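Participant: Pasting a predicted model and its sequence here:
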Amino acid sequence: MRRDCLGAQQTEKIMAVQIDMAYSRRKRTIQKTVFLCFRLLSYFIALLLFYILGFILIKGAGVINWDFITMPPTDGMTAGGIWPAIVGTFYLMLGSAVFAFPVGVMSGIYMSEYAPQGKLVSFIRMMTNNLAGIPSIVFGLFGMAFFVNYMDFGDSILAGSLTLGLLALPIVIRTTEEAFRDIPGSYREGSLALGATRAQTIWKVLLPMAAPRVITGLILSLGRVSGETAPILFTCAAYFLPKLPQGIFDQCMALPYHLYVVATSGTDIDAQMPIAYGTAFVLIAIVLVMNLLANGIRKHFENKLKAK
């Protein structure tokens, strides 16, 4: 009987070990299958992205030359270049940065360093996140109703810049807040213990440490607003301007709207399509340069902080 009991126990142990091994093999198989699916999906997305970018770059590269970059459109926008649209795009990016950067950075610092953490700050943070997800056309309608009509700025660079600044504001606020919150509290305590005020601590200690992420967030937000069409459609974009704007209350051409107009309307769509691809090429190049600039600035500040 005792031998039978021992034999049964050993059999049960062997069966339990076999079940565990089978379960482990099945678990590893499922994990490998899932990881393989994710890997294949990542490769597919990357290939699709490269295909789209390659298609636009190949189509647009043949149009790019010095005259295309430096000349205004001619012959009903079936010839000429896109210089006014490039200048207008940079004006709008600069104007939105002048508005979004100080307001967004100060708001992020206040929410991270000064505001008492509670339901009110949580509500503001939630609304900021929701604001970042609002479709850009809603910002365009608000900009037209408030800046163009109520503030009487008219269709102008100022109205378009403020509208795009509102679009970029949530990104700058969240980036700044997260950058300051990730700094260990020991830096604050050490600075305050040495006799520095809270403002001096923020300016001399925390801001230099958070600067890489703050500047990166600003540049990435500018990369986003540079490609927006709906907000400028309602606030500042002109169909065709043969000269550059002379002030902030003038209308301007912009690359996203120019691309939309050239690709969808005009006197000769077939003749305009190469110009549309060339415009898309330049717009992609601007966004790419902005992203590379953001990475370069972040690495520069990180190396500078490590050297200290």
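Facilitator: All right, it came through fine.
Participant: Now do stretch 235-242: everything it contacts.
Facilitator: Applying CB atoms under 8 Å, 6 or more residues apart in numbering, the external contacts of stretch 235-242 come out as 72-73, 77, 84, 88, 92, 140, 143-144, 147-148, 155-157, 159-161, 163, 229, 251-254, 257, 261. C-beta coordinates here come from the backbone N, C-alpha and C atoms, glycine included.
Participant: what does the average pLDDT come to for stretch 297-308?
Facilitator: For stretch 297-308, mean pLDDT is 71.
Participant: Stretch 132-151 now?
Facilitator: 90.
Participant: try stretch 276-294
Facilitator: Stretch 276-294 shows a mean pLDDT of 84.
Participant: Give me the buried positions along it.
Facilitator: 276-284, 286-287, 290, 293-294 (16 or more other CB atoms under 10 Å).
Participant: Now render those residues as a markdown table, adding secondary structure and distance to Cys236.
Facilitator: What follows is these, written out as a markdown table (DSSP: H, G, I helix; E, B strand; the rest coil; distance: CB to CB, whole Å):
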| residue | secondary structure | distance to Cys236 |
| --- | --- | --- |
| Ala276 | helix | 21 |
| Tyr277 | helix | 25 |
| Gly278 | helix | 23 |
| Thr279 | helix | 18 |
| Ala280 | helix | 21 |
| Phe281 | helix | 23 |
| Val282 | helix | 19 |
| Leu283 | helix | 17 |
| Ile284 | helix | 22 |
| Ile286 | helix | 18 |
| Val287 | helix | 20 |
| Met290 | helix | 20 |
| Leu293 | helix | 25 |
| Ala294 | helix | 25 |
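Participant: Nearest to Ile134, out of these: which one, please.
Facilitator: Set against Ile134, the nearest of those by CB to CB is Val287 (21.1 Å).
Participant: ok, for the closest one, nearest residue in space, not its chain neighbours?
Facilitator: Using CB to CB, 6 or more residues apart in numbering and skipping residues adjacent in sequence, the residue nearest Val287 is Gly223, 4.9 Å away.
Participant: correct me, but the one you found touches Ile284?
Facilitator: No. Judged on CB atoms under 8 Å, Gly223 makes no contact with Ile284 at a distance of 10.7 Å.
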